[in-house]
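A.B. asks: Any chance you could fold what I've pasted below:
(chains A and B)
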Amino acid sequence: MSGPWSEEAEEDASSLAGTTDVELIKRAWRNEKAAPEILQFEGPLVLRVREQIQLLEETVEESTENGSNDLVVSLYQMDLDRTLFLLRSYLRIRLQKIEKYMIHISKTNLWNRLSEQEKKFAKRCTEIMEKLLEQSVLARLPYGYESFLKQSISSEEDDMVPEPQLDTFVFCKAKDAVGAFQLDDSGDEIVDLVADDLYVIRYKSIKGLVEAGQIDLV
Amino acid sequence: MAGQSDPHLSVFTPPEVEFLAEDEKVEIIPKLSLGSLHMICGDFGPFRPNIASEVPLWLAVALKERGKCDIRAPDWMSVDKLMQILEAERESPREFQPLPFHYIEISKLLFKHAHDNIQDIYMVRSLIEDIRDVRFHKVESGLQTISGRTHAVKLKNLSAMEVNIVRPFMIRTLQAFYKHDSPHIIQQPEKSGSRRPQAPDRGPRPLQKKVTFPT
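C.D. replies: The predicted model follows:
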């Protein structure tokens, strides 16, 4: 098989850089799965993967119609299925997190980490949830307790809003050596992060490194 | 292990770990001629009979299942190499020997789909099981050294499947110690004594560093 694909392979900037989009979406999926809070949506990556999937889908369809080599078609179909699975799993784990922490996300700057579609989803979810709780429970509670966000009007904070636990421990690997890294505020806890070694650390301490792409969650 | 009851803490299901392992490269000896494959995950081929070629494991298995290739067992999957590794594992209770990150999944898939391509397969299988056992034992002993003052754990050379299996338990343990040892509790020393069982004295709190284990 030739034609459009050989061009695409060359135009794909990330494969020139040595990392395929599949590797990138795989990493994004792994990080998202292991991180307690929702991470930045990988817009451009998702778009590229979608395009490649679409292209391959069309080509597979064409080849099935002209009766091309069955074996080759089935191999491309496998590649397609695997990529689709990665993409869907990535989107799915994010949706799960949105469903779980929708109010918290809506009220903090985590909101900016969502895609446009995810924002719409989160808004609708919140509206529905609010309405449900209102109608089935809150409206029947005594005065002072009908808030969706606070346990009672005497609560200072929104204590009914579930928040992700940032100090949960995660397994991670540094791609390149990070060197001596401070884990806590007081400077008591310093870890020497060596490349490719596995560590179990509190997510909160390495949050910044994950967001910067220097550490991968495993 | 106790942690298994909370599926969420596992992060990945075993099939998902296997899925990740299936992208690892292996060498195949094709039995057919085929042009280059330009896949989303990379470019492979062209394939000529008896000329070795490197492809992802999932592709190798697919071709093998259709009788279109043989898979060359990776170098580390030989009786000699595995015996060396097993001995080294036994002799170093504080370290894990370097093994491919996905050694468990790779060997499992090859046993299943390419058993005729593996020399002395029964021996190889048995050695890998022994290696797994020794390593897991080390993980368990290492877990015992976790205390409230553990703020990070280093697990050099642990493999993907081993990480996934021990994950729920390790996270729960570390979390529990972290909670019980938060600064505000330390200010009430008379309470801390009754909270946890006698742990060996590891010295004053500020000097405690990360635990590297198995220790």
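
A.B. asks: so what secondary structure elements neighbour the longest helix anywhere in chain A?
C.D. replies: As assigned by DSSP state H, the longest helix anywhere in chain A is helix A:70-107. On a contact count with 3 or more Cβ pairs under 8 Å, 6 or more residues apart in numbering or on different chains; DSSP states H and E, helix A:70-107 meets helix A:21-34, helix A:43-65, helix A:116-136, helix B:14-21, strand B:37-39, helix B:57-65. For the C-beta atoms, the positions are set from N, CA and C on the backbone; glycine is no exception.

A.B. asks: so who does A:Glu37 touch?
C.D. replies: A:97, A:101, A:110, A:164, A:166, A:203 (Cβ atoms under 8 Å, 6 or more residues apart in numbering or on different chains).

A.B. asks: Report pLDDT for the fifth one.
C.D. replies: It stands for A:Leu166. Per-residue pLDDT puts A:Leu166 at 91.

A.B. asks: Could you report the distance from B:Asp23 to A:Gln135?
C.D. replies: 48 Å (Cβ to Cβ, to the nearest Å).

A.B. asks: same check, this time on A:Thr19
C.D. replies: Taken as Cβ to Cβ, the span from A:Thr19 to A:Gln135 is 50 Å.

A.B. asks: now do B:Asp130
C.D. replies: Using Cβ to Cβ, B:Asp130 is found at 61 Å from A:Gln135.

A.B. asks: Those two: who's more crowded?
C.D. replies: B:Asp130 (16 against 10; other Cβ atoms under 10 Å in any protein chain shown).

A.B. asks: Give me the contacts around stretch B:94-104.
C.D. replies: For stretch B:94-104, the external contacting residues (Cβ under 8 Å, 6+ apart) are B:20-21, B:24, B:74, B:76, B:85, B:88-89, B:106, B:128, B:131-132, B:135, B:138, B:155-162, B:212-215.

A.B. asks: give me every residue that touches the residue nearest to A:Val218 when sequence neighbours are not counted.
C.D. replies: Of all residues not flanking A:Val218 in the chain, A:Phe171 sits nearest, at 4.7 Å (Cβ to Cβ, 6 or more residues apart in numbering or on different chains). The contact partners of A:Phe171, by Cβ under 8 Å, 6+ apart, come to A:34, A:198-200, A:217-218, B:155, B:163, B:167.

A.B. asks: rerun at 6 Å
C.D. replies: A:200, A:218, B:163 (Cβ atoms under 6 Å, 6 or more residues apart in numbering or on different chains).

A.B. asks: who's in contact with the residue minimising distance to the centre of chain A?
C.D. replies: When Cα atoms, centre = their mean is applied to chain A, the residue found nearest the centroid is A:Glu32 (3.8 Å). Contacts for A:Glu32 (Cβ under 6 Å, 6+ apart) come out as A:39, A:93.

A.B. asks: Got the phi and psi for the residue nearest to A:Val218?
C.D. replies: phi -90, psi 140 (degrees, to the nearest 10).

A.B. asks: ditto for B:Asp43
C.D. replies: phi -100, psi 130.

A.B. asks: how close does it get to A:Asp79?
C.D. replies: From B:Asp43 over to A:Asp79 the distance is 11 Å, taken as Cβ to Cβ.

A.B. asks: which regions of chain B sit below the pLDDT cut-off?
C.D. replies: B:1-8, B:180-215 (pLDDT under 70).

A.B. asks: hey, which helix is longest across it?
C.D. replies: Identified as the longest helix of chain B according to DSSP H is helix B:121-144.

A.B. asks: quick one on the thing from earlier: can you pull the pLDDT of the residue nearest to the centre of chain A?
C.D. replies: The model's pLDDT for A:Glu32 equals 96.

A.B. asks: What distance do you get for it to chain B?
C.D. replies: 10 Å (Cβ to the nearest Cβ, to the nearest Å).

A.B. asks: cool, and A:Tyr145?
C.D. replies: 29 Å.
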